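Participant: what's the 3D shape of this:
(chains A and B)
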Protein chains: 2
Amino acid sequence: MVEDIATGVLNGAVAAGARAIRWLDDRDPRGAAVVRRIFSATGRAQIVGVTGPPGAGKSTVTDMLVAEMRRRRLRVGVVAIDPSSPFTGGAILGDRVRMARHALDSGVFIRSLGTRGQAGGLSRSTHDACLILDAMGYDIVIVETVGVGQDEIDVVNLAHTTIIVGVPGLGDEVQAVKAGLMEAGEIFVINKADRDGYEATRRQYELMLHLRETSRMARTDNWPVPLLRAVASAGEGGADIVDAILAHRVALDAAGAFARRSGLREREQTLALLRDRLVRRALTTAGETVLAEVEARRIDPYSAVEKLLAHIDEEDCPS
Amino acid sequence: MVEDIATGVLNGAVAAGARAIRWLDDRDPRGAAVVRRIFSATGRAQIVGVTGPPGAGKSTVTDMLVAEMRRRRLRVGVVAIDPSSPFTGGAILGDRVRMARHALDSGVFIRSLGTRGQAGGLSRSTHDACLILDAMGYDIVIVETVGVGQDEIDVVNLAHTTIIVGVPGLGDEVQAVKAGLMEAGEIFVINKADRDGYEATRRQYELMLHLRETSRMARTDNWPVPLLRAVASAGEGGADIVDAILAHRVALDAAGAFARRSGLREREQTLALLRDRLVRRALTTAGETVLAEVEARRIDPYSAVEKLLAHIDEEDCPS
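Facilitator: Down below sits the predicted model:
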C-alpha cells in the first residue's frame, strides 16, 4: 500500500498525492514511510510563499498566478493554509470552491490544510505537503497563508521566494514593518491597485524598500526587490509577478542559495519532528501526574520540567 | 540576587519586575529561579488578550483601557507583543513612547516583548511576563498582539478573556472567520466607529455572532458576547469595554473556568519548556552531524529523527 502510494506520488498521480498528504496530516506512520521513499526525488520545486494582511486578496492573487503559470505550461501546486476553528475543528472555506475552476486541469493541484488549533502542527503539515507536491513533479508550489492566525515567519522559512501582498488604505502601514514582513519579502505586490489611496500606499512601500536597501536587510544578495501593481480580481498584473518569481529563482541559483534554503527547511522540519517525538516519550503516566500538579498550581512550570526530565532518565535506563 | 529580585517582584517593585522579565526573555537561569520563588503568589490576575487585524487600532484601544482601569483604581500591566524583524533583531517601535504617558503612575507597567523571529519563544516569554506581572500584584494584565506575524491562537490560550478589535471597511470580513477568531473572542469591539461603513461592519459582526450562538461555538458558558463600539483615539467606549472585561471575569468565576484556564496555561508552558530542553539535550555533536546530512538532502527528516532518537538512547544509557 505504502509502496503503491509512493510510486503514485512519483508518477504525479493526484489521488496518491492526496492520500499521502492526508496520512502525513493525520500523523499516520504510512505518511512518514512515503516520505522516505520519495525524498530523493524532492528539492526541485520552487516554494513560493504568498502572505500579507487579511483582506489583501491573497487567494485571488494566488488564483491569478496559477492561471498565468498554466499559460506558460508550468505545473503548479497550491497549499492553502486555512485555519479552521480551534473549537469546531472544521475549515469554514474548503478547497471545493477553488478546485472547481481548475478541476479539469491535471497541471494544477490545490490542497487546503487546516490548523486544528496547532500552530506548530500546521507548519509541519505544510512542509510535508510541499515535499509531496515537489515529488509529484510540480515546478512551483505556492503556499498561501491567511495572514492572521499563524506565524508568517514560518512561511518565510519554508519558501524560496516570499511574496508580500499589500492593499491600498489598510490604515497604518507601519504595521507591516512591525511584523517584520518588510525584510522578509522578496517580491511586493500592491493588489486592488485600482482603489483610492494606491499612490499613497505605493509611496509608503517605496520609502520602506529604500530604507531596507540602505540598511542591507534583504535575504537575497543582488536581488532588486520589485514592487508590483495588481488588480487580481480583473486578472491584471499576473504576468509581471510570475516574471519576478522566475527571475528570483535564477538569482537564488546564481548565489547557491536555492539548495541552501531547501536544506535549512529540512533541518527545521527535523527539529520539529524531534521535539514532537521527545515530548510524546516524556508524557508517560508519571509525566501526566506532574502536568496535573502544574495545572493545580502546586508546582511551577520550570520545576515541573526538572521533574519530567528526571522521570525520563529513570525510565530510559532501568538499573 | 535572585532572592532580592523575587522579593522585589512580590513587593511590586518595577525595577525588580523588569529585571525578572529580562532574565526570562534571555533564558537566563536566574529567571527560572525567580519563577520558582514567586509562583505561589500567581493565579490572581485576569489575563486579557487584545487581538485583531493590523490597522484596527489595538494599541490605542489598549491605552484607552489602561486609562479607564486606572480611573477605577485597578492596577494594570501591559505586555505588548512587538515582533521585531527576524533579520535585524530590533523592535522598531519600543515601549518608550507608550511608557511616557503613564510614566508617573506606579499602577501601570508596560513591557514590550520582541519576537526575535521565534514564534514559540515569543509565546513562552509572554507567558513568563504575565506570571511576573501577576506576582507583582497587577489586577489585570493586558496582552496586546500585533495581529500579524504570530499565532493569535497562542493569545487565546494564554488569556482568560479575549477581546477582538475590528474596524469598519477592512474589506473581506469573512477573513476574521477564516482565522478562527470569531469563535475565540469573548468581547468584540468595533473601533474607529465614526468611520464610514460602521453600520455595515456592525451588521456583519452581528450576523456572525448570531451564527456562532446558534452553533454553540463559544468558549464561556452563559456569556452573551458583547459587540461594543469605540473611537479609541477620542477615548470613546472605554468604560463599556472595561465593564465587559470585569463581567467576563465574574462569569468565568461562576463557571469555575477562571482557575481551569490558568491551569491549562501552565500546562502548555510546561510542555513548551520541556520541548526546548529535550531538543537541546538531543543536539550533541552526533546530532549535529545528522542534521547536516538532512540539510544536504542525504537523509529525509523522518529517518533523521529515528537516528537522533537512537543517539539519545545510547548516550543516556552508557552500557
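
Participant: count the residues that sit near A:Glu3.
Facilitator: Neighbourhood size, A:Glu3 [other CB atoms under 10 Å in any protein chain shown]: 10. All C-beta spots, glycine's among them, are computed from the backbone N, C-alpha and C.

Participant: apart from its chain neighbours, what residue comes closest to it?
Facilitator: A:Arg37 (7.4 Å; CB to CB, 6 or more residues apart in numbering or on different chains).

Participant: can you give me the buried ones in the helix or strand harbouring the one you found?
Facilitator: Following DSSP states H and E, one finds A:Arg37 within helix A:29-38. Neighbour-count burial for helix A:29-38 flags A:Arg30, A:Gly31, A:Ala32, A:Ala33, A:Val34, A:Val35, A:Arg36, A:Arg37, A:Ile38 (criterion: 16 or more other CB atoms under 10 Å in any protein chain shown).

Participant: next, format the residues you listed as CSV and append pLDDT.
Facilitator: Putting the buried residues of helix A:29-38 into CSV (pLDDT from 0 to 100) gives the following:
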residue, pLDDT
A:Arg30, 96
A:Gly31, 94
A:Ala32, 93
A:Ala33, 94
A:Val34, 96
A:Val35, 95
A:Arg36, 92
A:Arg37, 94
A:Ile38, 94
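
Participant: now, which of those residues sits nearest chain B?
Facilitator: A:Ala32 (4.0 Å; CB to the nearest CB).

Participant: returning to that earlier point: list the helices and strands the helix holding A:Arg37 packs on?
Facilitator: helix A:2-10, helix A:14-25, helix A:119-135, helix B:301-316 (3 or more CB pairs under 8 Å, 6 or more residues apart in numbering or on different chains; DSSP states H and E).

Participant: ranges for the strands of the stretch 151-300 of chain A?
Facilitator: In the stretch 151-300 of chain A, strands defined by DSSP state E, counting those that start in this stretch lie at A:161-166, A:187-190, A:227-229, listed in chain order.

Participant: so stretch A:41-59, near chain B or not?
Facilitator: Yes. Using CB under 8 Å from any CB of the partner chain, stretch A:41-59 reaches chain B at A:Thr42, A:Gly43, A:Pro53, A:Pro54, A:Gly55, A:Ala56, A:Gly57.

Participant: spatially nearest residue to the last one (excluding sequence neighbours)?
Facilitator: This points to A:Gly57. Nearest one to A:Gly57, counting by CB to CB, 6+ apart, is A:Asn191 at 4.5 Å.

Participant: residues in contact with the one you found?
Facilitator: A:Ala56, A:Gly57, A:Thr60, A:Val61, A:Val165, A:Gly166, A:Val167, A:Ala230, A:Val231, A:Ala232, A:Gly237 (CB atoms under 8 Å, 6 or more residues apart in numbering or on different chains).

Participant: burial of the fourth one, as a residue count?
Facilitator: It stands for A:Val61. A:Val61 has 25 nearby residues by other CB under 10 Å.

Participant: endpoint to endpoint, stretch A:41-53 covers what distance?
Facilitator: Taking CA to CA, to the nearest Å, the first and last residues of stretch A:41-53 lie 34 Å apart.

Participant: likewise stretch A:290-305?
Facilitator: 9 Å.

Participant: buried stuff in it?
Facilitator: For stretch A:290-305, using 16+ other CB under 10 Å, the buried residues are A:Val290, A:Leu291, A:Glu293, A:Val294, A:Glu295, A:Ile299, A:Asp300, A:Pro301, A:Tyr302, A:Ser303, A:Ala304, A:Val305.

Participant: which of those come close to chain B?
Facilitator: Filtering these for proximity to chain B by CB under 8 Å from any CB leaves A:Val290, A:Leu291, A:Val294, A:Glu295, A:Ile299, A:Asp300, A:Pro301, A:Tyr302, A:Ser303, A:Ala304, A:Val305.

Participant: give me the pLDDT for the last one.
Facilitator: I take that to be A:Val305. In this model, A:Val305 is scored at 90, pLDDT.

Participant: do the fifth one as well
Facilitator: Per-residue confidence (pLDDT) for A:Ile299: 90.

Participant: cool, and the third one?
Facilitator: Taken from the predicted model, the pLDDT recorded for A:Val294 is 91.

Participant: so it sits against A:Pro301, correct?
Facilitator: Yes. Between A:Val294 and A:Pro301 there is a contact at 6.1 Å, judged by CB atoms under 8 Å.

Participant: need the overlap of contacts for the two.
Facilitator: Counting by CB under 8 Å, 6+ apart, the residues touching both A:Val294 and A:Pro301 are B:Glu266, B:Thr270.

Participant: number of residues surrounding the nearest residue to A:Val61 once chain neighbours are set aside?
Facilitator: Of all residues not flanking A:Val61 in the chain, A:Ala232 sits nearest, at 4.5 Å (CB to CB, 6+ apart). A:Ala232 is flanked by 24 other residues according to other CB under 10 Å.

Participant: briefly note if the longest helix seen in chain A comes near chain B.
Facilitator: Longest helix in chain A, counting residues (DSSP state H): helix A:257-282. Yes. Helix A:257-282 is in contact with chain B by CB under 8 Å from any CB, via A:259, A:262-264, A:266-267, A:269-271, A:273-275, A:277-279, A:282.
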